[in-house]
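Engineer: Fold the following and give me the result.
(chains A, B, C and D)
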Number of protein chains: 2
Amino acid sequence: MIEFLREKGLKVTSQRLAIFNFILSRKDHPTAEQIYQKIRGEYPTISLGTVYKNLHLLKEIGLIQELGFDEGSVRYDPDMDLHVNMVCTNCGKITDYKTDKVEKLWNALISDIGIKPKGHRIDLYYECDDCK
Amino acid sequence: MIEFLREKGLKVTSQRLAIFNFILSRKDHPTAEQIYQKIRGEYPTISLGTVYKNLHLLKEIGLIQELGFDEGSVRYDPDMDLHVNMVCTNCGKITDYKTDKVEKLWNALISDIGIKPKGHRIDLYYECDDCK
DNA sequence: ATAAGTGCAAAACATTTGCAGGCTT
DNA sequence: AAGCCTGCAAATGTTTTGCACTTAT
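Structural biologist: Predicted coordinates for the structure are as follows:
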């Protein structure tokens, strides 16, 4: 990661590393505020602005995507591959569903539409086991 | 529509009718602000708050859905059926793609996952013909 | 030394809320 | 007449921006 940042001409700061490592390993699509609260444990003086700036940087580099939801909440997802976001309509928990089958079906879809997509998003809303 | 509102126990106001008719006939997924600007042509004193309240009402009734996008923009979509939102990454224009094939593929997907979804969203990001 | 990054605070937006007055029923 | 709805304005919440200071290179 340190190497990667240097190659990109980006400075390696401890805050940046903490933010990058945190979000890139997360599977639960946290919000900026949640990321901020978490990083603050380690770096109490970090600001929300810094978190946002680094998240935008990660998005530009193409390592994460932003997922906007109803009610204005934006969540950050480090999985850039094709997958289904399984969103619980009750507790809001998001888990990814990612199989070869999903990919096959998606390929069938875009060959049907006949265009070359730059990106994709598939959400499925349901009630998760914990909430049922 | 007037009948429909009365059945639901909702009052029929000219502003409400204008908002409902406008968004329900729109295919381009406008934002609240865009809807407000349009309705304002006919009702110059209408407020953004009223627009929001009525949009939320429509959502509760189940006639429209909210689609959150990056950067906090929320768009309103009156098509509750399964379809693909084709989003131009350059100009932001959204068009729907809706065929039997989409439905078949989706059914194959949910039978693969093995759950009963309450809702869905499929976005495909690309560069539209106008922008190419 | 220089340029980029951080932290802070203010600003900019989008959306929500509360309430007085007006309109539908 | 009663209650819902509107319009306004203030409040809220999130994200962005500007700038002085700090840190990595």
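Engineer: Residues of chain A that sit close to chain B?
Structural biologist: Contact residues (Cβ under 8 Å from any Cβ of the partner chain) of chain A with chain B: A:66-74, A:84, A:86, A:89, A:97, A:99, A:101-102, A:105, A:108-110, A:112-113, A:115-127. All C-beta spots, glycine's among them, are computed from the backbone N, C-alpha and C.
Engineer: what are the bridge partners for the spatially most central residue of chain A, then?
Structural biologist: The centre of chain A sits closest to residue A:77, judged by Cα atoms, centre = their mean, with a distance of 0.9 Å. In this structure, residue A:77 bridges to residue A:65 when assessed by DSSP bridges.
Engineer: Pull out the buried members of the residues of chain A next to chain B.
Structural biologist: Neighbour-count burial (16 or more other Cβ atoms under 10 Å in any protein chain shown) is assigned, among these, to A:66-69, A:74, A:84, A:86, A:97, A:102, A:105, A:109, A:113, A:117, A:120-124, A:126.
Engineer: Mind checking which of those land in helices?
Structural biologist: Filtering these for membership in helices, criterion DSSP state H, returns A:102, A:105, A:109, A:113.
Engineer: so which pair among those is furthest apart in space?
Structural biologist: A:102 and A:113 (16.5 Å; Cβ to Cβ).
Engineer: quick one, longest strand in chain A?
Structural biologist: What stands out as the longest strand in chain A, according to DSSP state E, is strand A:119-126.
Engineer: Report the mean per-residue pLDDT for that strand.
Structural biologist: The average pLDDT within strand A:119-126 is 95.
Engineer: Quick one: classify residue A:11 as helix, strand or coil.
Structural biologist: Applying DSSP: H, G, I helix; E, B strand; the rest coil to residue A:11 yields a three-state assignment of coil.
Engineer: can you narrow the buried ones among the residues of chain A next to chain B to ones near DNA strand D?
Structural biologist: Counting by Cβ under 7 Å from any atom of the strand, the subset of these that neighbours DNA strand D consists of residue A:74.
Engineer: Can you give me the pLDDT of the closest residue to residue A:113 other than its chain neighbours?
Structural biologist: Spatially, and ignoring its direct neighbours in sequence, residue A:113 is nearest to residue B:97 (5.8 Å; Cβ to Cβ, 6 or more residues apart in numbering or on different chains). The score at residue B:97 is 96. That number is its pLDDT.
Engineer: is it true that residue B:97 touches residue A:110?
Structural biologist: No. In terms of Cβ atoms under 8 Å, residue B:97 does not count as a neighbour of residue A:110; the distance is 10.3 Å.
Engineer: Now for the two: what residues contact both?
Structural biologist: The overlap between the contact sets of residue B:97 and residue A:110 (Cβ atoms under 8 Å, 6 or more residues apart in numbering or on different chains) consists of residue B:124.
Engineer: Which positions in chain A make contact with DNA strand C?
Structural biologist: With Cβ under 7 Å from any atom of the strand as the criterion, chain A meets DNA strand C at residues A:10-11, A:13, A:15-16, A:43, A:45-50, A:53-54, A:71-72.
Engineer: Buried ones only from the residues you listed, please, as a ChimeraX command.
Structural biologist: A single ChimeraX command is used to select the members of the residues of chain A next to DNA strand C judged buried by 16+ other Cβ under 10 Å:
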select /A:15,16,46,50,54
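Engineer: Among the residues of chain A next to DNA strand C, which pair sits farthest apart?
Structural biologist: The span of the residues of chain A next to DNA strand C, defined through Cβ to Cβ, is set by A:11 and A:71 at 35.3 Å.
Engineer: Where do the strands of chain A begin and end?
Structural biologist: For chain A, the strands defined by DSSP E cover A:65-68, A:74-77, A:84-88, A:94-97, A:119-126.
Engineer: list the contacts for residue A:131?
Structural biologist: Residue A:131 sits next to A:88, A:90, A:91 when contact means Cβ under 8 Å, 6+ apart.
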